[in-house]
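*Asks:* Okay, sequence plus prediction incoming.
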Amino acid sequence: MDFNKIISYYERLEYTNKRLEMIDILAQLFSECAMEENRGDYRKIIYLTQGRLVSEIDDFPTFGIAEKMVIQAISKFTGISNSNIKNLINKKGDVGEALESILKKREGKKQTYSLDTFVKKKKTDKILEVSRLYSELEKLSKIKGEGSQDQKINLLTGIFRLSSPQSAKFIVKIILSDLRMGIGDKTILDSLALSFTGSKENRSIIENAYNIHPDLGYIAEKLMIEGLEGINSITIQVGIPIRMMLASRIQYTEIQKKLGGGDVIAEYKYDGERVQVHKKGQKVYLFSRRLKDITHQYPDIVESVNNQVKSENIVFEGEIVAMDPFFEKMLPFQVVSTRRRKYDIEKMKKEVPVCLYGFDLLFENDKSLLNLPFNERRECLEKIITPSDTIQFSNKKIIHNTQEMVEYFKEARKNGAEGIMNKAIGPDSVYKSGNRGFLWIKLKGLEGGKMVDTIDVVIIGGSWGKGRRKGLLSPYYCAVYNKDTNKFEFFTRVGSGFSDDDLEQFTDRLKKLELQKQPKNIICADTPDVWFRPEIIIEVMGDELTISNKSDVGASLEDPRGYSLRFPVFQRIRDDKDISQITTTQEILELFKIQNSQND
């Protein structure tokens, strides 16, 4: 399929903010892609529309290209100086728009005349097959090592040579992870449902399958070929991570009622790294909350799983926690995070011993257990693991009333846990992959007035520091995620709690995520010095939630005021989380209600 046909849809998407229009446009694109002659490119088109080359669960190299390198490639291809290109970028708003403008002018100068009629003719439109483009982008992502910058620049100029001005614009946006069409996974799922089943009502069926097999290219292709019957056949596969179930939070006095009113199971909420463990024979995989393969970081856990898990074919979840040398005391998250490295693994294994606390069983011996009640899944897990220093079960207790919950919470905090996780145990207490519902409710604080729970936010912008912080980015504009609109809403500015080293590291990382203008998926009435692609997640603590004229969280036409955090302080970076897993607008509204009820 010609990539130029695809970008005609991309251009339409760029000019609308209306989600229903986006769904219709994408559905038309997917229908055209499903035509017999285009089917071979279908998965590639899905990934490119997501702004990537492969699914999020595939371990594939990133492009490793910043805007500076793209500017050098444009300069080499066109002969225009870097400074003039930068000026045009500032004028147009981003590098893709600037490149399109440059190439259009070049095309205008290259118009030819017929020798016979002297009638002006337009240059024949270039055709860039998706398969050819994808192959070139694959090569680009794999270039590493000495001399890689020159190789990448040469390959980029080759791609520009193959491209029309419009396609070059979108190719650069894909390479820089700056596609900015305001499309999230849910919009794509709605469009697939509309395109192949005729109704968005079937989105939930497709989304359930996507949560079990988080690869939109695979899901789209299966839907295209096999329809809903094929989608319904998707189940857990060992080696392919499923989206993890998430917990909500409400006022602790309401937890038991929300979980059904009867007994609940409470577990320690550990301050570690949540993992999904897959085992088939002697092959073990460890997947992070972000669905990334982190097996190499924990060879000690892999060895223990092989030795102490009886089942040959299993998927279960747990939390990896750093321990003291005697495995008697749990250490905080900052310690276990030092195990995130590619080198000196054996050294770190000795310096930072860890224990895996298992808490849920999802799959065993080719059978999905997702639809079993939680207490049954937990009982099954306890039958197939032999505990040791390096593998334990999460501490649990049957809770009969709120007073018992409070006492258990205090015990957990005293023993080094973050708090407790309260879980329903009725017949409906199934494992809802990728869902943040009210079957699991976390409790991390009891006190009224000041906040004792943390909030996970993503950095969307920043201001350049002054005085001692000159040359560094600080404070940071931070947002939470509105799951209803699939947008990030400005919540608060964070400038406290950072060391000088933190600020230097954040500034270096954020420069690589810099955007020339505000993305469509960010709602922020304020204007920072610099916009960033929402990617870096931080955990913050504050004094209390307040109503603010500057925040966009929960704001509406009727009441433009939003909810913000008073005196926010940086706690830690959360590289273990995906941006879809940060605190939501809906959670902020609930936390504000909890805070007010405790103050009454």
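*Replies:* Alright, I've got the coordinates.

*Asks:* what helix or strand is the residue found closest to residue 31 once you drop the neighbours it is linked to in the chain on?
*Replies:* What sits nearest to residue 31 in space, not counting adjacent residues and going by Cβ to Cβ, 6 or more residues apart in numbering, is residue 195, at 4.9 Å. C-betas here are computed from N, CA, C, even on glycine. In this structure, residue 195 is located in helix 185-197 according to DSSP states H and E.

*Asks:* same thing with residue 406?
*Replies:* Residue-wise, residue 406 maps onto helix 402-414 under DSSP H and E.

*Asks:* between the helix or strand that comes right after that helix and helix 402-414, how big is the angle?
*Replies:* Next along the chain after helix 402-414, taking DSSP H and E as the criterion, comes strand 419-423. Here strand 419-423 runs at an angle of 140 degrees relative to helix 402-414 (axes from the mean of the first three to the mean of the last three Cα atoms, to 10 degrees).

*Asks:* Quick check: the residue nearest to residue 259 when sequence neighbours are not counted vs residue 443, distance?
*Replies:* Leaving aside its sequence neighbours, residue 259 sits nearest to residue 424 (Cβ to Cβ, 6+ apart; 4.4 Å). As judged by Cβ to Cβ, to the nearest Å, residue 424 and residue 443 stand 14 Å apart.

*Asks:* do residue 166 as well
*Replies:* 53 Å.

*Asks:* which helices and strands sit right next to the helix holding residue 195?
*Replies:* The elements that helix 185-197 packs onto, with contact taken as 3 or more Cβ pairs under 8 Å, 6 or more residues apart in numbering; DSSP states H and E, are helix 19-33, helix 203-212, helix 216-232.

*Asks:* So for residue 348, which of those sits nearest?
*Replies:* Minimum separation from residue 348 across these (Cβ to Cβ) falls at helix 203-212, 32.7 Å.

*Asks:* ok, and for stretch 335-351, which residues are buried?
*Replies:* 335-337, 339, 348-349 (16 or more other Cβ atoms under 10 Å).

*Asks:* can you give me the end-to-end distance of it?
*Replies:* 10 Å (Cα to Cα, to the nearest Å).

*Asks:* Number the chain from 187, please
*Replies:* Noted, 187 is the first residue going forward, which turns the last one into stretch 521-537.

*Asks:* returning to that earlier point: so who does the residue nearest to residue 217 touch?
*Replies:* Residue 381 makes contact with 212-214, 216-217, 220 under the criterion Cβ atoms under 8 Å, 6 or more residues apart in numbering.

*Asks:* Show me which of these are buried.
*Replies:* 212-213, 216, 220.

*Asks:* Settle it for me: which of residue 352 and residue 629 has more neighbours?
*Replies:* When residue 352 and residue 629 are compared for neighbours, residue 629 comes out ahead with 24 against 19, by other Cβ atoms under 10 Å.

*Asks:* Pairing partners for the more buried one in the sheet, please.
*Replies:* For residue 629, the residues forming beta bridges with it (DSSP bridges) are residue 606.

*Asks:* low-scoring pLDDT stretches of the chain, where are they?
*Replies:* 295-311, 633-638, 783-786 (pLDDT under 70).

*Asks:* domains in it, as residue ranges please.
*Replies:* Listed by automatic domain parsing, the domain ranges of the chain are 238-361, 432-629, 641-785.

*Asks:* how long is the longest one from one end to the other?
*Replies:* The first and last residues of domain 432-629 sit 13 Å apart, counting by Cα to Cα.

*Asks:* got it, and the shortest one?
*Replies:* In domain 238-361, first residue to last residue: 8 Å (Cα to Cα).

*Asks:* All the helices of the stretch 487-636 of the chain, residue numbers only.
*Replies:* Ranges of helices in the stretch 487-636 of the chain, per DSSP state H, counting those that start in this stretch, are 519-522, 531-537, 560-570, 588-600.

*Asks:* Can you point out the buried residues in the last one?
*Replies:* Within helix 588-600, the residues that qualify as buried by neighbour count (16+ other Cβ under 10 Å) are 590-592, 594-595, 598-599.

*Asks:* ok, of those, which one's closest to residue 645?
*Replies:* residue 599 (29.1 Å).

*Asks:* Would you agree the closest one is in contact with residue 592?
*Replies:* No: using Cβ atoms under 8 Å, residue 599 makes no contact with residue 592, being 10.9 Å away.

*Asks:* Please enumerate the strands of the stretch 237-386 of the chain.
*Replies:* Using DSSP state E, counting those that start in this stretch, the strands found in the stretch 237-386 of the chain span residues 298-299, 306-307.

*Asks:* need the contact list for residue 288.
*Replies:* Residue 288 touches 260, 264, 266, 271, 274, 351, counting by Cβ under 8 Å, 6+ apart.

*Asks:* Kindly indicate the member of those residues with the most neighbours.
*Replies:* Busiest of the contacts of residue 288 [other Cβ under 10 Å] is residue 260, holding 26 neighbours.

*Asks:* Tell me who's in contact with the nearest residue to residue 525 once chain neighbours are set aside.
*Replies:* Spatial nearest neighbour of residue 525, chain neighbours left out: residue 483 (5.1 Å); criterion: Cβ to Cβ, 6+ apart. Contact analysis of residue 483 by Cβ under 8 Å, 6+ apart lists 472, 525-527, 531.

*Asks:* Dihedrals phi and psi, residue 483?
*Replies:* Phi and psi for residue 483, reported as degrees, to the nearest 10, are phi -80, psi -20.

*Asks:* Looking at the contacts of residue 288, which are in helices?
*Replies:* 260, 264, 271, 274, 351 (DSSP state H).

*Asks:* so which pair among those is furthest apart in space?
*Replies:* Most distant of those, by Cβ to Cβ, are 271 and 351, 14.7 Å apart.

*Asks:* so how many other residues sit close to the nearest residue to residue 344 once chain neighbours are set aside?
*Replies:* Counting by Cβ to Cβ, 6+ apart, residue 344 lies nearest to residue 322, which is 7.0 Å off, once chain neighbours are set aside. Residue 322 has 17 neighbours, counted by other Cβ under 10 Å.

*Asks:* Repeat that for residue 673.
*Replies:* Neighbour tally, residue 673, other Cβ under 10 Å: 21.

*Asks:* So it sits against residue 704, correct?
*Replies:* No: contact criterion Cβ under 8 Å: residue 673 and residue 704 do not qualify, at 11.5 Å.

*Asks:* what sits against the nearest residue to residue 343 once chain neighbours are set aside?
*Replies:* Residue nearest to residue 343 in three dimensions, not counting chain neighbours: residue 263, with 4.3 Å by Cβ to Cβ, 6+ apart. Contact analysis of residue 263 by Cβ under 8 Å, 6+ apart lists 342-343, 346-347.

*Asks:* Perfect, I'm done here.
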